[in-house]
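Asks: What follows is a predicted protein model with its sequence.
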Amino acid sequence: MTRLALIDDDQALEFFRALLGAEPARETAIAELIRAEVSARGFCQRATTVRRICRFAAPVVNLDVAMVNDLCTQLEREGDILMADAGLLVAPPLRAIDLGQGRFRLATSLTTQRLQTLLPGSWGLVGIGRTCQAENAAHFRARVAEMVGKVLTPAAWACLDRVPAADQAWLDGLDRRLRATPEPAGSLEHDEPLAWSGCRMTAEGVRWQSSAHAVDACLWRARTRYGYWRHAWCREGPPSTSPFVSCGADAGSRTVFALARVQGPPLTLVVTQDDARAVLTIPHWLPVAEYRYLTVCATHREIERSGSRWSLSREQVAGVLAMLEARLGLVMDSGTGG
């Protein structure tokens with residue numbers, strides 16, 4: 001016989017704390033809910049998942065739908081979930097990134113509690129990413145293999161050798177696609193009208209402006225009612241009225257850096273340093289390859305809609321700056337470097 005018990009608000013809050021290992025309103029707790037949902041189902045619609053999580057947490061906290069959507073995007077960039085066509089969230093295979101000296105970064109939709117059971121070690125968080133200091137590195141690798149996962153180097157994980165840089169060649173590739181296989185004007189708006197904004201480079205940096213003020217823009221974006229961004233590249237106005245080629249969110253982000261590099265002014269990162277550490281403040285969302293590379297270098301990070309901040313050891317700064325300059329055209333503020 002199934003028995004139901006009524007609990008008060010305080011008991012409900014304690015239940016969520018025990019379940020998630022954090023306060024229900026914290027990003028780390030909501031990320032756990034998203035992982036649990038995707039891991040349990042294998043794949044699920046993003047919009048449905050976001051609604052289900054908001055309803056589940058409603059007894060103790062009112063979650064902002066846009067924030068949950070943004071966390072889905074962050075988890076995709078972390079490699080904890082995959083985004084497939086038609087807004088599907090998919091559970092990926094387990095990947096462990098070897099950070100050296102028995103320390104690993106885990107990319108998987110398995111919840112942290114489940115990972116702690118399967119992979120013994122000392123667990124920690126960097127942002128919403130999970131790291132583990134293995135009790136025994138060889139045993140850890142064997143357990144990952146038993147779970148049909150792979151252990152990767154940071155370079156292999158980031159795929160920097162397989163992803164193009166953000167430069168003129170990248171923009172030329174978009175133009176070739178536009179000439180060869182243009183998509184009909186308005187074809188992205190079969191479900192709903194979209195409010196397109198064009199990307200323009202100004203003295204103040206990247207600005208997204210309405211079609212009335214961005215008539216010469218080539219990169220456009222619009223947020224759907226499901227909370228994710230659509231990006232498009234076209235040469236004759238917004239994609240609602242001119243032929244275009246679709247860009248995924250990652251390609252859209254890479255195109256922003258390419259436009260800043262080619263059209264100017266280039267995007268500037270700020271570096272502040274003390275005796276032991278350096279903090280990099282980077283404007284705009286990084287493309288996935290460069291983002292993932294930084295996730296395995298940084299010991300702390302703060303991700304916002306307008307950009308990100310990364311804490312690194314001083315020994316890593318020169319290599320990371322060289323990578324960001326070569327691949328994204330980022331330049332360091334001359335008044336902040338050390």
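Replies: Everything's here; your move.

Asks: The stretch 51-200 of the chain: helices as residue ranges?
Replies: With DSSP state H, counting those that start in this stretch as the criterion, the stretch 51-200 of the chain has helices at 65-78, 112-118, 137-146, 154-158, 168-180.

Asks: Most tightly packed of those helices?
Replies: helix 65-78 (a mean of 20; mean count of other CB atoms under 10 Å). Every C-beta, even on glycine, is put in place using the N, C-alpha and C of the backbone.

Asks: Adding mean pLDDT and distance to residue 58, write the helices of the stretch 51-200 of the chain out as a markdown table.
Replies: Output for the helices of the stretch 51-200 of the chain, formatted as a markdown table (pLDDT from 0 to 100; distance: least, CB to CB, whole Å):
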| stretch | mean pLDDT | distance to residue 58 |
| --- | --- | --- |
| helix 65-78 | 89 | 12 |
| helix 112-118 | 93 | 22 |
| helix 137-146 | 96 | 36 |
| helix 154-158 | 89 | 36 |
| helix 168-180 | 97 | 43 |
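
Asks: Which one of these lies nearest to residue 274?
Replies: With CB to CB as the measure, helix 154-158 is the member of the helices of the stretch 51-200 of the chain nearest residue 274 (24.7 Å).

Asks: quick one on the thing from earlier: got the helices of the stretch 51-200 of the chain as CSV, with distance to residue 104 columns?
Replies: What follows is these, written out as CSV (distance: least, CB to CB, whole Å):
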stretch, distance to residue 104
helix 65-78, 14
helix 112-118, 10
helix 137-146, 7
helix 154-158, 11
helix 168-180, 32
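
Asks: mind checking which of the ones you listed is nearest residue 255?
Replies: Nearest to residue 255, of all the helices of the stretch 51-200 of the chain, is helix 168-180, at 6.9 Å by CB to CB.

Asks: for that closest one, packing partners?
Replies: Contacts defined by 3 or more CB pairs under 8 Å, 6 or more residues apart in numbering; DSSP states H and E place helix 168-180 against strand 229-233, strand 245-247, helix 249-263.

Asks: quick check: angle from the last one to strand 229-233?
Replies: Inter-element angle recorded for helix 249-263 and strand 229-233: 50 degrees (by axes from the mean of the first three to the mean of the last three CA atoms, to 10 degrees).

Asks: Direction included, what does the next helix or strand after helix 249-263 pair against?
Replies: Following helix 249-263 in sequence order, the next helix or strand is strand 268-273 (DSSP states H and E). The strands that strand 268-273 pairs with in its sheet are strand 277-283 (antiparallel), strand 331-332 (parallel) (by DSSP bridges).

Asks: which residues sit in contact with residue 227?
Replies: With contact set as CB atoms under 8 Å, 6 or more residues apart in numbering, residue 227 has these partners: 46, 47, 50, 65, 66, 68, 69, 70, 72.
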